[in-house]
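**Q** Give me a 3D structure for the following:
(2 chains)
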Amino acid sequence: MNMADKLSPEQKLERKRHSMAHVMAEAVLDMFPTAQIAIGPAIDTGFYYDFDLPRQLVNDDLAVIEEKMKEIIKSDRKFVRTEVTRDEAREKFKDQKYKLELLESIPEGETVTLYNQGNFTDLCRGPHVESTKKLDPRSFKLMNIAAAYWRGKESNPMLTRIYGTAWNNKKDLDAYLTKLKDIEKRDHRKLGKELDLFSMHEEAGPGLVYWHPKGARIRGVIEDFWRKEHYKNGYEMVYTPHVGKSWLWETSGHLDFYHDGMYPPMEMDKADYYAKPMNCPFHIMIYNNTKRSYRDLPLRWAELGTVYRYEKAGALHGLLRVRGFTQDDAHLFVTPEQVDDEILTVLKFSLNMLHSFGFQEIKAYLSTRPEKAVGEPERWATATEALKKAIEKEGLEYEVDEGGGAFYGPKIDLKIKDAIGRAWQLSTVQFDFNLPERFNMTFTDKDGQEKRPYMIHRALLGSIERFFGVLLEHYAGAFPAWLAPEQVKIIPVGDNCFDYCKELEGKLRMEEFRASADLSDDHMKVKIKNAQLNKVPYMLVVGEKEMESGEFSVRLRTGKQQKWGDYDSFVKKLHSIVDSHQIEL
RNA sequence: GCCAGAAUAGCUCAGGGGUAGAGCAACUCUCUCGUAAAGAGUAGGUCGUCGGUUCGAAUCCGACUUUUGGCUCCA
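**A** Just a heads-up that it's a prediction; the model follows:
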């Protein structure tokens, strides 16, 4: 019986991908005999291999390497495994400095193995397919050339990495390539430009977002909803400054530990002011403004607080990673007895919020105490237990990241899956044992003792910018009616209907719908096309027929026609869809 | 920050050592139209910025800015 038969389909595919990496290395060495080879593992969608090459690669090289790989695959080369001694391996790779380094890092006592196919031998744990004929020459594609540091360390030499994608067959490869195209079509940067939602400006600073009127409308809807829900759920809103004197950041510890992530200070009146990278210290200032009693707790203070963080230039990415963004932040200050209830409540709230925006598939990640941590172990235990109980009570699927918490407290992160199955982290609920100490926060308990409250930091959407980017990609720009920047486009058939359409627009606006009549002198078909391209959910085409009968036929952005009756029933129907936040049109 | 690619009209893009092109959008005029593109015309660019090479640079070279993909997947 063949070993391979016992492998799961995933393991088999991984083996193929890893073997592909070796095939690619052979092709590259054939092209550049003096190349140094580093590592070449299988990854989620294929494989890569890192090389130190005598010259820079250009995109055209990929096609050449790809052809060579196909030849190698077709020539049916066996993958041969050999066990060798360390000295034999050292001799074999005497010209390959990276391989020698890897060899040294293999623990004593572990068997050293080589894999050979054709003209290529690699220091490798394996396993591999038996022969290149098990690989489908049409199942892979070299994707891009990238740079990577040797062993991922910035101080190490830079290597050339070639990424390839590989699948079981051509069909799977094509499906993957189609998916990539879909991802490209959904790209929030592209949609943001096409739908005129936001922009960034190099003259005015990278990573800083400008919300255009249509983007601002959507953001406004999100924020209004967010505020309303928070009031319903027992929160109060606070507003705090955008800058604070260094005292604040020294006390919070940010200047010690988070200095690199902060914008540099502005000097004024001989004091240094910093743009806030977080809202927490400000909320604590409000807490500490008066003496607090256990009767006051829990306190739940929320703020759409705009923060500024220095992100590495190379890390910036559309709305998903920016330098100025608005957190949907809140801090909960609770007594020890309230922790369990409070955590459960905030988790439920968070799930409801995510559901409202159309995210149904949600997974939790619990991060526990790392080795270096502040705060008494009992508090950590209480907090971690509360988080875990809440997740389990909600029946959420979850993973535990042991020791993965921040030094100041355990946390739950929630990740949603979008329309095409990608995971995004949005919500986070995080205990903080550090700041209450540093700011000496207290409350007076029943017994007259001054005690330390538990402080919980939480964001449901994460940041508005990032959330908006994720939403945009999730819906591919076609927002549900309640979020759409424009809900109804009124399209006159001819200019004899303009007055009527104008009147209709006014009436719909009085109903608080975002509606407008297209009174340009374009032809009707063009108006429909424009509304369609703008992904306006509902189009009312109004001509003599409608003016006479008072009955409307609604064109959905899907192209479907619907009979919604007269004006009153149209309004009623639209209200029911919008007010209930219905996702479908 | 580091490596590599990119930057041409509002947008999408072509071109390329001899001085700038298309489509769409904009503007003007004509058409008044029944569910995704009516016709004609006009205008629009220091070819990202700064420097260098050259008789001549948008084109070649360098720096900078912005942007894209990487820099997490471990023999």
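**Q** The stretch 1-150 of chain A against RNA strand B: which residues are in contact?
**A** By the rule CB under 7 Å from any atom of the strand, the part of the stretch 1-150 of chain A lying against RNA strand B is A:39, A:41-44, A:56, A:58, A:89, A:99, A:102-103, A:106, A:110-113, A:122-125, A:144-149. For the C-beta atoms, the positions are set from N, CA and C on the backbone; glycine is no exception.
**Q** what's near enough to touch A:L366?
**A** A:T384, A:L387, A:K388, A:I391, A:Y398, A:E399, A:V400, A:D401, A:P410, A:K411, A:I412 (CB atoms under 8 Å, 6 or more residues apart in numbering).
**Q** Now the buried members of those residues.
**A** Buried residues within the contacts of A:L366, counting neighbours by 16 or more other CB atoms under 10 Å: A:T384, A:L387, A:K388, A:I391, A:Y398, A:P410, A:K411, A:I412.
**Q** A:P241 contacts A:M285, doesn't it?
**A** No - under the criterion of CB atoms under 8 Å, A:P241 makes no contact with A:M285, lying 9.5 Å away.
**Q** Between the two, point out the one with more neighbours.
**A** A:M285 (16 against 12; other CB atoms under 10 Å).
**Q** where does A:I162 sit relative to A:Y500, distance-wise?
**A** To A:Y500, A:I162 is 63 Å away according to CB to CB, to the nearest Å.
**Q** In terms of neighbours, single out the busier of those two.
**A** Per other CB under 10 Å, whichever of A:I162 and A:Y500 has more neighbours is A:I162, with 25 against 17.
**Q** Pick out the residue nearest the middle of chain A.
**A** A:W424 (3.9 Å; CA atoms, centre = their mean).
**Q** For that one, which non-adjacent residue is closest in space?
**A** Nearest residue to A:W424, sequence neighbours excluded (CB to CB, 6 or more residues apart in numbering): A:V470, at 4.9 Å.
**Q** Report the contact partners of that neighbour.
**A** With CB under 8 Å, 6+ apart, A:V470 has these contacts: A:H188, A:L320, A:I416, A:D418, A:W424, A:L426.
**Q** In helices only, show me the residues you listed.
**A** A:H188 (DSSP state H).
**Q** just the contacts of A:V470 that are near RNA strand B?
**A** On the criterion CB under 7 Å from any atom of the strand, none of the entries of the contacts of A:V470 sits beside RNA strand B.
**Q** Mind checking which of the contacts of A:V470 are in strands?
**A** A:I416, A:W424, A:L426 (DSSP state E).
**Q** my read: the first one touches A:L354, true?
**A** Read it as A:I416. Yes - the criterion here is CB under 8 Å, and A:I416 meets it with A:L354 at 5.8 Å.
**Q** Any chance you could list residues touching both of the two?
**A** A:I362, A:L426.
**Q** Pick out the residue of the stretch 451-585 of chain A closest to RNA strand B.
**A** A:G543 (2.4 Å; CB to the nearest atom of the strand).
**Q** Report the contact partners of that residue.
**A** Taking CB under 8 Å, 6+ apart, we find A:G543 in contact with A:P492, A:V493, A:G494, A:C497.
**Q** do the same with A:N144
**A** Taking CB under 8 Å, 6+ apart, one finds A:L62, A:I162, A:Y163 in contact with A:N144.
**Q** Secondary structure element for A:R227, which one?
**A** helix A:213-232 (DSSP states H and E).
**Q** Given the following helix or strand past that helix, what are its sheet partners and their directions?
**A** Next in sequence after helix A:213-232, counting helices and strands by DSSP H and E, comes strand A:236-237. As defined by DSSP bridges, the strand partners of strand A:236-237 come to strand A:299-308 (parallel).
**Q** then whatever helix or strand comes next after the strand it pairs with to PDB, C-alphas only?
**A** Note on strand A:299-308: by DSSP H and E, the next helix or strand toward the C-terminus is strand A:324-334. The C-alpha coordinates for strand A:324-334 follow below in PDB (Å, rounded to 0.1, in the frame of the first residue of the first chain):
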ATOM      1  CA  GLY A 324      -5.700  58.600  10.600                       C
ATOM      2  CA  PHE A 325      -8.800  56.700  11.500                       C
ATOM      3  CA  THR A 326     -11.900  56.700  13.600                       C
ATOM      4  CA  GLN A 327     -12.300  53.900  16.200                       C
ATOM      5  CA  ASP A 328     -15.800  53.000  17.300                       C
ATOM      6  CA  ASP A 329     -14.400  52.900  20.700                       C
ATOM      7  CA  ALA A 330     -15.900  52.400  24.100                       C
ATOM      8  CA  HIS A 331     -14.600  51.700  27.600                       C
ATOM      9  CA  LEU A 332     -16.400  49.800  30.200                       C
ATOM     10  CA  PHE A 333     -15.600  50.400  33.800                       C
ATOM     11  CA  VAL A 334     -17.000  47.600  36.000                       C
END
